[in-house]
Every structure is written in structure tokens, then in C-alpha cells.
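Enquirer: Sequence first, then the predicted structure, then my questions.
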Amino acid sequence: MTRRGKNPPFDLMKAEARLAAKKRLIEKGLDRLLKRDDEPLFRAMRYAVLPGGKRFRPLLLLASGSCFGVSPPLLLPFASALELIHCYSLVHDDLPSMDNDDFRRGKPSLHRAFGENLAILAGDGLLSLAFETMAGAAVPRDKMRLKQEAIQVVSRNAGAAGMVGGQALEIGLKPGRLTRARTEALIQKKTGALILAAVEVGAIFGRARAAEQRAVGNFGRSLGLAFQVRDDILDARKENRAGFSGRADYVALVGKAKAGERLEALIRKAVVSLEGFPPRADELRFLARSLLPFETEVDHAQTAG
Ligand code: GRG
């Protein structure tokens, strides 16, 4: 049986319902992983993760798994790990020495609530827990090699070659040196790398063929870029920034209208990458479309936190 064929009709409702069920699974999984303890460090770690945001990356990972016929429970440790890494990055990004943000997910940022030293340690704790979770994932013997590959992909994309590297590029930015190409390359690392890892892990466990891996990789790269462009558009709506923000800000670079056009084009490109994939790819298509302008506030599949 071939997985690719003519483009099937898109069943939005079904995809939405499946994603909602996946989100419930993710929330339960994260709650289980985070120790209930009165020690400030453990309280801080829970505060950083629960209740959460959109859970976009773990949903993407599970949706990619479903696209290749892999059931969510097998992938849950990897989906949880990605969210833990994402949460640690938010905690560290909010620190005074980084973005210096006082609020995150509608509440005081972790360093405002628990102090800077504990925020650093809670971030470190979440990162380590992510790797402990992936290493401890129970997989059948014939999938051990896939597990190793998945851990490698997540490590690479979270680290200096991916998200951390992108953040380092951003803190080294000099006014006037940003081109669109440089900005997009930076975004691919800072924001795109985790999103790409999410879709790749699903494809790894689904033993996707080379052409399918390429298609899903292209989907992930377009989506990673789209995600940050959308975030910059939403940020620009909230505040009226003038001049150099110290960030690789897409809206500041090309203006709101062009950023909106780029966002739509990227989402179209992402969806086109999956052309010929069967209805099992509808959850991925749904997640891509949920980033469209004016659907951005829609909680995809009642998925917003
Ligand atoms: C500090 C190691 C380190 C890395 C920082 C990813 C990142 C690099 C920082 C996070 C801050 C930021 C604005 C990143 C861009 C990606 C992004 C739009 C994050 C917000 O992700 P959402 O919208 O948040 O998925 P929720 O709250 O829904 O999880």
C-alpha cells in the first residue's frame, strides 16, 4: 500500500477532535512527570510547565506519529520531553540577562515568582528531566534503534546546532546587519529547530521512507518559520515597537503587511509539502492552518492553555 496518492478531502472536525484527545494525553503525561513536592525547586518546575500553553510542539510530534501510523502512547515520552525543553527555554529566555520578561502565559514569569537563581535551576531541571524521560521511554526491542535516533534528533535540535545556537545568534545581533535571509536562518534555529524535531521524531518511529521524510522535513521547516513570523505579528499588535529591538523581529524587518503575506505563503507551502499524503496527515494540516492570521487566536482543537 502506498501512503501517497491523490489529495483526499480535508476532514477538519475529525482532525480537531483527535488533536483535542492528544492534548489531554499530553497534559496528563506532563502532570505525571513533574514531581509533586513542596521543595521550591519542584514547585518552580511545575509552575513553569503547568498549566501550559498551546502544547504546539508535542501535538505536532504526536500528529506526525499518527501520520505514519504510530500510536500516541509510544511517542508520549518524546512529546513530553519536547514540551519540557520548550518550557525550559521560555524560563531562561525570560531571565533579566535575556529578554527580561515579567509575564509568561498570563502569570508572572518564573524568576519574578521564584527568584532568578531558582529560575535558572528549574530550567536546568526541566532540561535534564526531558532527557531522563526520553532515555527511560519503554519501546519494544525492535524500536530501540529508532529511540536512539529520536533522542539524537531532539538533542541536536535543542542544543548549540539548533535552538540554543539560534538564541546565541540573536544575542549577538548588531543593528543594521539583519537581512531577511539572516533573520530566517536565525529563526530556523531558534524557533524552527524544535518544531522540525517534533515532526522528524514521528517520521522516525513511523519508519517513513526517504521521500516521506523529506516531505515532512519541508513541512516542519516551513512551519517553524511560520510560527515565529506569526509570533512577531502578534507581538507587533500588542506593542508599537520602534527602531532596533535587539531581536530578529520579522515585522520590524519587512513590515506588518509583508510579514502577513509571508506567513500565509509559508503555511501554504507547509500544506503543499504534504500533498498526496492520506487523511492520516490531516492533524498536521490542521496544526499548520491553525497558524493562519485571524485563526491565530482560535484554540486549535480546544488546545489553547
Ligand atoms: C534561552 C536556551 C534558550 C533558548 C531560547 C525558543 C527560545 C530560545 C526562546 C523562547 C522565547 C521566544 C519568543 C521564542 C520564540 C518561539 C516562540 C514563539 C515561543 C513561544 O512559544 P508558544 O507560542 O508558547 O508555543 P506556549 O506558551 O503556547 O507554549
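Expert: Good, I have the coordinates. Keep in mind that this is a model prediction, so the values were computed, not measured. Numbers count the residues shown, from 1 in each chain.
Enquirer: tell me how far the helix or strand harbouring Asp282 is from the chain's mean position?
Expert: In this structure, Asp282 sits in helix 282-289 according to DSSP states H and E. Its chain's C-alpha centre and that of helix 282-289 lie 14 Å apart, by Cα atoms, centre = their mean, to the nearest Å.
Enquirer: Stretch 33-46 too?
Expert: With Cα atoms, centre = their mean, you get 23 Å for stretch 33-46.
Enquirer: hmm, back to that, extract the C-alpha set from the helix holding Asp282 and format it as CSV.
Expert: C-alpha atoms of helix 282-289 as CSV (Å, rounded to 0.1, in the frame of the first residue of the first chain):
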residue,chain,number,x,y,z
ASP,A,282,-5.0,15.9,8.4
GLU,A,283,-3.8,16.6,12.0
LEU,A,284,-0.6,18.0,10.6
ARG,A,285,-2.6,20.0,8.1
PHE,A,286,-4.9,21.3,10.8
LEU,A,287,-2.0,22.4,13.0
ALA,A,288,-0.4,24.3,10.1
ARG,A,289,-3.7,26.0,9.2
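Enquirer: Identify the residue spatially nearest to the residue of the stretch 201-305 of the chain at minimum distance from the ligand, adjacent ones excluded.
Expert: Of all residues in the stretch 201-305 of the chain, the one sitting closest to the ligand is Asp231 (3.6 Å; Cβ to the nearest ligand atom). Bear in mind the C-beta positions are built from the backbone N, C-alpha and C, glycine included. Distances taken as Cβ to Cβ, 6 or more residues apart in numbering put Thr191 closest to Asp231, at 7.5 Å, once the chain neighbours are dropped.
Enquirer: For the one you found, list the residues it contacts.
Expert: Met163, Gly166, Gly224, Leu225, Phe227, Gln228, Asp231 (Cβ atoms under 8 Å, 6 or more residues apart in numbering).
Enquirer: same thing but at 7 Å, please
Expert: Contact partners of Thr191, counting by Cβ atoms under 7 Å, 6 or more residues apart in numbering, are Gly224, Phe227, Gln228.
Enquirer: repeat for Phe68
Expert: Applying Cβ under 7 Å, 6+ apart, we find Phe68 in contact with Gly202, Ala203, Gly206, Ala208.
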